[in-house]
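Novice: Need coordinates for the following:
(4 chains)
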4 protein chains.
Amino acid sequence: MSEEHCATHQAEHHHGYTADKDAYLKRLRRIEGQVRGIQRMVDEDVYCIDILTQVSAINKALHSVSIQLLEDHVRHCVVDAATQAKATGNTAPLDDKISEAMAAITRLIKS
Amino acid sequence: MSEEHCATHQAEHHHGYTADKDAYLKRLRRIEGQVRGIQRMVDEDVYCIDILTQVSAINKALHSVSIQLLEDHVRHCVVDAATQAKATGNTAPLDDKISEAMAAITRLIKS
Amino acid sequence: MSEEHCATHQAEHHHGYTADKDAYLKRLRRIEGQVRGIQRMVDEDVYCIDILTQVSAINKALHSVSIQLLEDHVRHCVVDAATQAKATGNTAPLDDKISEAMAAITRLIKS
Amino acid sequence: MSEEHCATHQAEHHHGYTADKDAYLKRLRRIEGQVRGIQRMVDEDVYCIDILTQVSAINKALHSVSIQLLEDHVRHCVVDAATQAKATGNTAPLDDKISEAMAAITRLIKS
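Specialist: Purely as a prediction, here's the structure:
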């Protein structure tokens, strides 16, 4: 897995990212609870369709987290790479960042 | 949530469903672990794109579980309702079962 | 491409399917018009985001047609195969029909 | 529909966008042909599952066009807005561009 962080993003880790991080963790813990809820439903022989409804709810919650993560990424890493490209005249790192973000979006659309 | 079970489905609970149930629970526990893995990634400031890749993997795993649940549902509840409809001449319960399954599929496609 | 038709389905072609067929053709012609509309938008350099909105609208319309086709298929071919299986005691054709329908649903969810 | 174009994008319309535009139009005309193909299939009573396979193929082709359009949009309009924001110190137009792109991505994921 890439260890890379864009500069702006890292700076924010030390300054104002904590509130957001807590919000993400809270949402993810709720999703974890929903997955455990489905285990309980399977264990108690709950009607399949009701389980499917819950699975759809989890998929929605995960998509919503993904979109937020992606938005944060674009607002920090991509924007930062764009201003770097302008300042240095070297557009290669920006091109890579955008290709990488597009690949993530493609995976999201297909998952 | 509906407490309803189709007869065939219930019968199977007592006979041969246990193996499948264990397989579902195993997959769901793995998904739960993946969700916890994402919490760890957020906590350790892992690069967003790598987190997004993991979220896509969870969505895929959940879709795969959904499709399996849906298939089991069609093979048992819908098929049972179809033979009941033929035997009794009353197609209303079958119509309801199919409408309900289609609604679940629509939610899956949109989630 | 498979030439196969389930008996019920074929019977309906000669009896009462025409009205539905016209409704499908009408929806598909509308979708065709929407695709041509996007060509016009590209040709006239319309803002990308507005084009993307239209593409999403077409995807939605296609998903809606798919779900209707799938529902018709389950109501006729799958139900017919279920009653055949009960009557003959041979469940292999029904198993195939369900596997085939599940594969179609999986493709829809991923497309 | 918005008439807005980002400056970079417009400049490109007059310079080097034509080749891309032709590629988009070619893909869209192919999709239009695929939609007409489905009309023919419905008209000739082709087996539902085969029609569904074709619908999934169109959805895939449309998603692929969307992702390309989105990538072009990010590479031109969003990047341009980012460098403008850096130059002027006014980040509001960039924020709007990103929110708008995220809304488009959300629609794509849900469609």
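Novice: got the contact list for whatever residue of chain A ends up closest to chain C?
Specialist: Using CB to the nearest CB, the point where chain A gets nearest to chain C is A:Lys110, with a distance of 6.0 Å. From N, CA and C alone the C-beta is placed, and that goes for glycine too. Taking CB atoms under 8 Å, 6 or more residues apart in numbering or on different chains as the contact definition, A:Lys110 lies against B:Ser56, C:Lys110, D:His63.
Novice: Counting only helices, which of those make the cut?
Specialist: B:Ser56, C:Lys110, D:His63 (DSSP state H).
Novice: Just send those back as TSV, with distance to A:Leu70 and pLDDT too.
Specialist: Formatted as TSV, the ones in helices among the contacts of A:Lys110 follow (distance: CB to CB, whole Å; pLDDT from 0 to 100):
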residue	distance to A:Leu70	pLDDT
B:Ser56	11	94
C:Lys110	20	81
D:His63	16	93
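Novice: from those residues, which is closest to chain A?
Specialist: Closest to chain A out of those is B:Ser56 (4.0 Å), distances taken as CB to the nearest CB.
Novice: from memory the closest one sits against A:Arg107, does it?
Specialist: Yes - B:Ser56 is in contact with A:Arg107 according to CB atoms under 8 Å; the separation is 4.2 Å.
Novice: Quick check: residues of chain A near chain C?
Specialist: Proximity of chain A to chain C is confined to A:Lys110 under the rule CB under 8 Å from any CB of the partner chain.
Novice: Tell me the first helix or strand C-terminal of the helix-or-strand element of chain A with minimal mean pLDDT.
Specialist: Comparing every helix and strand of chain A by mean pLDDT, DSSP states H and E singles out helix A:7-15 as the least confident one, with a mean of 44. Using DSSP states H and E, the next helix or strand after helix A:7-15 towards the C-terminus is helix A:18-43.
Novice: Who are the packing partners of that following helix?
Specialist: Packed against helix A:18-43, as judged by 3 or more CB pairs under 8 Å, 6 or more residues apart in numbering or on different chains; DSSP states H and E, are the following elements: helix A:48-73, helix B:18-43.
Novice: Name the residues of the last one that are buried.
Specialist: Buried positions in helix B:18-43, judged by neighbour count with 16 or more other CB atoms under 10 Å in any protein chain shown: B:Tyr24, B:Arg27, B:Leu28, B:Ile31, B:Glu32, B:Gln34, B:Val35, B:Gly37, B:Ile38, B:Gln39, B:Met41, B:Val42.
Novice: how near is A:Thr88 to chain B?
Specialist: Taking CB to the nearest CB, to the nearest Å as the measure, A:Thr88 and chain B are separated by 22 Å.
Novice: ok, that residue - contacts?
Specialist: Residues in contact with A:Thr88 (CB under 8 Å, 6+ apart): none are found.
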